[in-house]
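# coords please:
(one chain, ligands or ions: 2)
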Amino acid sequence: MSEQHLAVVVLAAGEGTRMRSSKPKVMHELAGLPLLGHALATASSLDAAFVVPVVRYQKELISDYIKAFYPNALIAEQDEIPGTGRAVECALASLPADFNGAVIVTSGDVPLLDVATLESLLEAHLNGGYSATVLTAVVEDPTGYGRVMRSNDGKFIEIVEHRDADAKQLEINEVNAGVYVFDAAALREALGKVGSHNAQGEKYLTDAAAEILRAKKKVQALAVSDNWLVAGINDRVQLSEVAAELNYRICEAWQLAGVTILDPSSTFIDVTVQLGEDVTLLPGTHLKGLTKVAQGATVGPEVFMVDSAVGESATVVKSHVTGSIIDANASVGPFAFLRAGTELGEGGKIGTFVETKNAKIGPGSKVPHLSYVGDAEIGEQSNIGAGTIFANYDGVNKHRSKIGSHVRSGSHNVFVAPVTIGDGAYTAAGTVVRKDVSPGDLAMNVAPQRNIADWVIAKRAGSKAAEAAQKANN
Ligand code: UD1
Ligand code: MG
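Ligands and ions are numbered 1, 2, ... in the order given. Coordinates of the predicted model:
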């Protein structure tokens, strides 16, 4: 069959009341993508002629996401009639009237479903000449799911929703996964006959399968081998369970691709992250968004990193890093906070209790201890003394400072921006640098030190300090 005869409908119109959230269920995040993003990624991989997400609840928010990431999707809108059956009916209405191929239906709340499962379901559907194929799962706890009724000889009869099931039906542990393949014409006809006489007063898609059977067409129910693939998310307990399983699978895939992960249960990697060979991830590491870690780098323990790049053989320890670039062989942390726009050159160092923002720190340059570097550019091989503050904010505007290459700034300096320090310049300890410093100059503005002789002995007579001083003087 050509892909021209395939449509994939992704249901995303429900409110998801069980999430108890102001956000629609399908927009809740899982490993860096909204639930819907996972479902659309799978749907789009099938190369179908039409990918049709169905929206209604908070449709602007959901449509904006779809348009941004899946501009070719055909967004269908569900009207006020509730239920998965109605949602699919609205999807069919948005397809060309002469569309007569296969329709795969998936849900925006079933994020782990993979392309291989859909492909084999479609194949079994087409090869057997079925009008409907339902994917099922045999589970330990079927609570909440629709139960699959079969005849004594195992043939599909119907799906009964949890809320409509009697005590005996509730004991059945084969459940509807919410994933189907239908023949478009048979589905159209069946949905026309489905009512909403059920506990929820909704038009159920599940009833279309039974309706197709009643029309003397072939329907089958096939059980999936890996139940996680069809885990549906209806509340936040399920969200965390599926998140843990997905994370375990992501870690396993990276381990098999050559990444050392000491403790997958405390290492969290978004699906959007890229890792090189021989990367080591230590416990408590979170890699999020578009983060990339190059070959041989070590990240962790306890690093939270978003949309950042780590170069080859660099190390990042116990730090919070967002929107930053760390070049090869550089080192960060422990206890560093790299904010957006930080760029650390090759072999450079951002050390302990250092915060940076919009700061370009050149190759081999170091900011080792207790400093704030904001809106600054530092050349190559410079060393910023301990406890240095780049005072970038005058209370109204932010200003940039520029430090040259091979600069040595003393401890406890303040660079009052905007200020420029030339190559090879020094600044003395405790300097408040308000004026530019030319290359090779030493800047200092500390007042000369004055020692008042025997002040402690006279003014603190009898104290331990005075006693110690007297003893030392004898
Ligand atoms: C549904 C199935 C159930 C199955 C389960 C698997 C029906 C009637 N029940 O139940 O048999 O075991 O999935 O996860 O289909 N949606 C719409 N429009 C609506 C209602 C829902 O688009 O009017 C969307 C939701 O956004 C969601 C999906 O359909 O993505 C499933 O809806 P949900 O309310 O979660 O159905 P379940 O109760 O889980
Ligand atoms: Mg559901």
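# since we're on residue 49, how many residues are nearby?
17 (other CB atoms under 10 Å). Quick note: C-beta positions are derived from backbone N, CA and C, even for glycine.
# Who are the contact partners of it?
3-7, 101 (CB atoms under 8 Å, 6 or more residues apart in numbering).
# Now flag whichever of the residues you listed is closest to residue 292.
residue 3 (32.4 Å; CB to CB).
# still on that earlier bit, could you identify the buried members of the contacts of residue 49?
6-7, 101 (16 or more other CB atoms under 10 Å).
# Take the residues you listed and keep only those in strands.
6-7 (DSSP state E).
# Can I get the buried ones among the contacts of residue 49 in CSV including distance to residue 457?
Listed next are these as CSV, based on distance: CB to CB, whole Å:
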residue, distance to residue 457
6, 95
7, 94
101, 100
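# which one of the buried ones among the contacts of residue 49 sits closest to ligand 2?
Nearest to ligand 2 among these is residue 7, at 21.1 Å by CB to the ion.
# Which strand residues bridge that closest one?
residue 50, residue 103 (DSSP bridges).
# Smallest gap between the stretch 201-350 of the chain and ligand 2, at which residue?
Taking CB to the ion, ligand 2 has its nearest neighbour within the stretch 201-350 of the chain at residue 232, 4.0 Å off.
# what residue ranges in this protein score low on pLDDT?
The chain contains residues with pLDDT under 70 at 1-3.
# Outline the domain layout of it.
For the chain, the TED database gives the domain ranges 6-230, 236-443.
# nearest to residue 458, of those?
Comparing the domains of the chain under CB to CB, the one sitting nearest is domain 236-443, at 27.9 Å.
# ok now that closest one, how far from the chain's centre?
20 Å (CA atoms, centre = their mean, to the nearest Å).
# Same question for stretch 442-456.
55 Å.
# Need the residues that contact it.
421, 425-433, 435, 437, 463, 465-466, 469.
# can you tell me which of these are in strands?
421, 426-427, 432-433.
# Number of residues surrounding the single nearest residue of the stretch 301-450 of the chain relative to ligand 1?
Nearest residue of the stretch 301-450 of the chain to ligand 1, counting by CB to the nearest ligand atom: residue 306, 27.7 Å away. When neighbours are defined as other CB under 10 Å, residue 306 has 18 of them.
# quick one: contacts for it?
288-289, 291, 321-323.
# from memory residue 212 sits against residue 131, does it?
Yes: when contacts are counted by CB atoms under 8 Å, residue 212 is listed as touching residue 131 (5.1 Å).
# Generate a PyMOL selection restricted to the buried subset of the contacts of stretch 442-456.
Only the buried entries of the contacts of stretch 442-456 go into this PyMOL selection, using 16+ other CB under 10 Å:
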select buried, resi 421+425+426+427+428+430+431+433+437+466+469
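# I'd guessed residue 417 sits against residue 402; true?
No: Residue 417 is beyond contact range of residue 402, at 9.2 Å (criterion: CB under 8 Å).
# intersection of neighbour lists for those two?
residue 376.
# out of the two, which sits in the more crowded spot?
Taking other CB under 10 Å, residue 417 and residue 402 do not tie; residue 417 has more neighbours (22 against 17).
# Need the nearest residue in space to that one, chain neighbours excluded.
residue 399 (3.7 Å; CB to CB, 6 or more residues apart in numbering).
# Counting neighbours, what do you get for that neighbour?
16.
# pretty sure it contacts residue 415?
No: in this structure residue 399 lies outside contact range of residue 415 using CB under 8 Å: 10.1 Å.
# Between the buried ones among the contacts of residue 49, which sits nearest residue 195?
The closest of these, once distances to residue 195 are taken by CB to CB, is residue 7, at 24.7 Å.
# which residues sit in contact with the closest one?
48-52, 91, 95, 99, 101-104, 184.
# Which two of those have the greatest separation?
51 and 184 (14.9 Å).
# who's more crowded, these two?
residue 51 (24 against 19).
# separation between that one and ligand 1?
Residue 51 is 15 Å from ligand 1, where distance means CB to the nearest ligand atom, to the nearest Å.
# what's the straight distance from one end of stretch 273-287 to the other?
7 Å (CA to CA, to the nearest Å).
# Can you point out the buried residues in it?
Buried, per 16+ other CB under 10 Å, within stretch 273-287: 273, 275-276, 279-282, 284-287.
# Over to stretch 328-343?
328-333, 335-339, 341-343.
# Now render those residues as JSON lines, adding secondary structure and distance to ligand 2.
Output for the buried residues of stretch 328-343, formatted as JSON lines (DSSP: H, G, I helix; E, B strand; the rest coil; distance: CB to the ion, whole Å):
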{"residue": "328", "secondary structure": "coil", "distance to ligand 2": "46"}
{"residue": "329", "secondary structure": "coil", "distance to ligand 2": "48"}
{"residue": "330", "secondary structure": "coil", "distance to ligand 2": "46"}
{"residue": "331", "secondary structure": "strand", "distance to ligand 2": "46"}
{"residue": "332", "secondary structure": "strand", "distance to ligand 2": "42"}
{"residue": "333", "secondary structure": "coil", "distance to ligand 2": "42"}
{"residue": "335", "secondary structure": "coil", "distance to ligand 2": "43"}
{"residue": "336", "secondary structure": "strand", "distance to ligand 2": "42"}
{"residue": "337", "secondary structure": "strand", "distance to ligand 2": "40"}
{"residue": "338", "secondary structure": "strand", "distance to ligand 2": "40"}
{"residue": "339", "secondary structure": "coil", "distance to ligand 2": "39"}
{"residue": "341", "secondary structure": "coil", "distance to ligand 2": "41"}
{"residue": "342", "secondary structure": "coil", "distance to ligand 2": "42"}
{"residue": "343", "secondary structure": "strand", "distance to ligand 2": "44"}
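# ok, residue 448 - how many residues close by?
4.
# again, but for residue 400
Residue 400, neighbours per other CB under 10 Å, totals 17.
# Correct me if wrong: it contacts residue 391.
No: with contact defined as CB under 8 Å, residue 400 does not count as touching residue 391 (11.8 Å).
# Now list whatever residues contact both of those two.
Between them, residue 400 and residue 391 share the contacting residues residue 417, judged by CB under 8 Å, 6+ apart.
# my guess is residue 386 contacts residue 411, does it?
Yes: Residue 386 is in contact with residue 411 according to CB under 8 Å; the separation is 4.6 Å.
# For those two, indicate the residue with more neighbours.
Neighbours per residue (other CB under 10 Å) separate residue 386 from residue 411, with residue 386 holding more: 20 against 17.
# Name the SS class of the nearest residue to the more buried one once chain neighbours are set aside, please.
In space, residue 386 comes closest to residue 369 once its chain neighbours are excluded; the distance is 3.9 Å by CB to CB, 6+ apart. Counting by DSSP: H, G, I helix; E, B strand; the rest coil, the backbone at residue 369 sits in strand.
# Any idea how many residues pack against residue 369?
Applying other CB under 10 Å, we find 15 residues neighbouring residue 369.
# Repeat that for residue 97.
Neighbours of residue 97 (other CB under 10 Å): 7.
# Quick check: phi and psi at it.
phi -60, psi -30 (degrees, to the nearest 10).
# now residue 325, which residues is it bridged with?
residue 309, residue 343.
# tell me which parts of the protein are close to ligand 2?
Residues of the chain lying near ligand 2 by CB under 5 Å from the ion: 109, 232, 234.
# Name all residues that make contact with residue 140.
Per CB under 8 Å, 6+ apart, neighbours of residue 140: residue 173.
# typo on my end, residue 439
Applying CB under 8 Å, 6+ apart, we find residue 439 in contact with 404, 422-425.
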